[in-house]
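*Asks:* Have a look; sequence and predicted model below, questions after that.
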Amino acid sequence: MLRKYYLPSLFLLTTSLLLISCQDSTNSLDEQAPQLPPVESMNMDFSAFDEDPGANLTAENESYTHFLNASIRAMVMKGIVSTNLAIPKALLSAAENVDPELTDDGEWTWSYTSDESNNNFEIQLVATSGSDGFVNWQMYVTNSALNIVDLLFFEGEVAEDGSAGNWTYYALFGEDAGNEVSQVTWSIENEEQLELRLEVLTDRNGNLGDYIEYSFNSPVKLATYYNAGEDQTTEIEWNSETFEGYLIAPNYNNGDQACWNSDFQNVECS
């Protein structure tokens, strides 16, 4: 059974569930394929910290310490997100170029191949009717090099309009093959307003119990990272247009808010 984890602020998801549950079931999947789940449900964007803002931004220049420290922590978050979501996001995105087929069992199936991380995956993406207003999704993968045959990679429940849902991901190989590794719960209003929560369910990379909560309310992005091993929470907020932002971390700046401006220089927080 899928376990669900919700952001404290996921009022959009709660509202969506209540509205959908009040609607009559239409069995619309009998007539046409559902829309593919949004790729944004597997994406947290930290690209602002990939930029090279100039030669003056160095560890020796104390004017930029707040942004530099935030960048290091953002890259840690980006690494966790990439480890858990990069491949499934790429494989889901590849389904956009495929026409689905309706099987005799009433399942809509997208069958295709995709190369990712130097591996060739044969994919079966399956959609079936779920509870009122929701669609059940499963992705099965085959890879001869990894000795994988029709192994469940991820599954979840998604609102028919793609506005809310959850994913559970499974290990593909090694001792943990078939075990849950992470889970995402999301609410997406549009491309410029969304919330996601990623929780790590395995200790394969030392991140058991860690979670990242990420929101985008254009132009502001907010990421909160809880490190379970150290029982510490880090918060980073930044403006995706001006690049100004702040960092709150227990072992930096005495745990006080540390801000930077659009030139990445340290400033007093307002």
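*Replies:* Perfect, I can see it now.

*Asks:* quick one: the helices in the chain?
*Replies:* Per DSSP state H, the chain carries helices over the ranges 11-21, 65-94.

*Asks:* tell me the most buried of those?
*Replies:* helix 65-94 (a mean of 19; mean count of other CB atoms under 10 Å). For every residue, glycine as well, the C-beta is placed using N, CA and C.

*Asks:* now it, how far from the chain's geometric center?
*Replies:* In terms of CA atoms, centre = their mean, to the nearest Å, the centre of helix 65-94 is found 9 Å from the chain centre.

*Asks:* can you pull the buried residues of stretch 32-43?
*Replies:* For stretch 32-43, the neighbour count (16 or more other CB atoms under 10 Å) marks 33-34, 36-38, 40-43 as buried.

*Asks:* wait, I meant stretch 173-185
*Replies:* Within stretch 173-185, the residues that count as buried by 16+ other CB under 10 Å are 180-185.

*Asks:* now for it, what's the gap between its first and last residues?
*Replies:* Taking CA to CA, to the nearest Å as the measure, stretch 173-185 stretches 24 Å from start to finish.

*Asks:* Repeat that for stretch 177-195.
*Replies:* Using CA to CA, the end-to-end distance of stretch 177-195 comes out at 29 Å.

*Asks:* One more: stretch 90-104?
*Replies:* Terminal residues of stretch 90-104 are spaced 28 Å apart (CA to CA).

*Asks:* can you check stretch 216-231 too?
*Replies:* Stretch 216-231 stretches 25 Å from its first residue to its last (CA to CA).

*Asks:* do stretch 91-111 as well
*Replies:* Counting by CA to CA: the opening and closing residues of stretch 91-111 are 11 Å apart.

*Asks:* which residues are in contact with it?
*Replies:* 29-30, 33-34, 36-37, 39, 42, 112, 114, 116, 121, 123-129, 139, 141, 153 (CB atoms under 8 Å, 6 or more residues apart in numbering).

*Asks:* If you average the pLDDT over that stretch, what comes out?
*Replies:* The predicted model gives stretch 91-111 an average pLDDT of 95.

*Asks:* Off-centre distance for it?
*Replies:* Taking CA atoms, centre = their mean, one finds the center of stretch 91-111 at 22 Å from the center of the full chain.

*Asks:* sorry, back to before: now, which of the contacts of stretch 91-111 lie within strands?
*Replies:* When DSSP state E defines the strands, the subset of the contacts of stretch 91-111 inside them is 112, 114, 116, 121, 123-129, 139, 141, 153.

*Asks:* hmm, which of those are the buried ones?
*Replies:* Restricting the ones in strands among the contacts of stretch 91-111 to buried positions leaves 114, 121, 123-129, 139, 141, 153, with burial counted as 16+ other CB under 10 Å.

*Asks:* Kindly indicate which of those residues lies nearest Glu241.
*Replies:* Within the set of these, Ser114 lies nearest Glu241; the separation is 33.1 Å, counting by CB to CB.

*Asks:* Just list whatever residues bridge to that closest one.
*Replies:* In this structure, Ser114 bridges to Phe121 when assessed by DSSP bridges.

*Asks:* Go ahead and confirm it touches Ile123.
*Replies:* Yes. Counting by CB atoms under 8 Å, Ser114 sits close enough to Ile123 to count as a contact (6.1 Å).

*Asks:* Point out where this protein drops to low pLDDT.
*Replies:* 1-28, 51-60 (pLDDT under 70).

*Asks:* If you tally nearby residues, what's the number for Val158?
*Replies:* Counted with other CB atoms under 10 Å, the neighbours of Val158 add up to 25.

*Asks:* I'd say it and Gln138 touch.
*Replies:* No. Look at Val158 against Gln138 with CB under 8 Å: they stay out of range, at 11.3 Å.

*Asks:* thinking again about what came up before, using a markdown table, lay out the helices of the chain together with distance to Tyr252.
*Replies:* A markdown table is the format used below for the helices of the chain (distance: least, CB to CB, whole Å):
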| stretch | distance to Tyr252 |
| --- | --- |
| helix 11-21 | 31 |
| helix 65-94 | 6 |
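
*Asks:* From Asn147, how far off is Ser82?
*Replies:* If you measure Ser82 against Asn147 using CB to CB, to the nearest Å, the figure is 24 Å.

*Asks:* nearest spatial neighbour of the residue nearest the centre of the chain, skipping sequence neighbours?
*Replies:* In the chain, the centroid-proximal residue (CA atoms, centre = their mean) is Met42; its distance is 3.4 Å. Leaving aside its chain neighbours, Met42 sits nearest to Lys89 (3.9 Å; criterion: CB to CB, 6 or more residues apart in numbering).

*Asks:* Nothing else from me, thank you.
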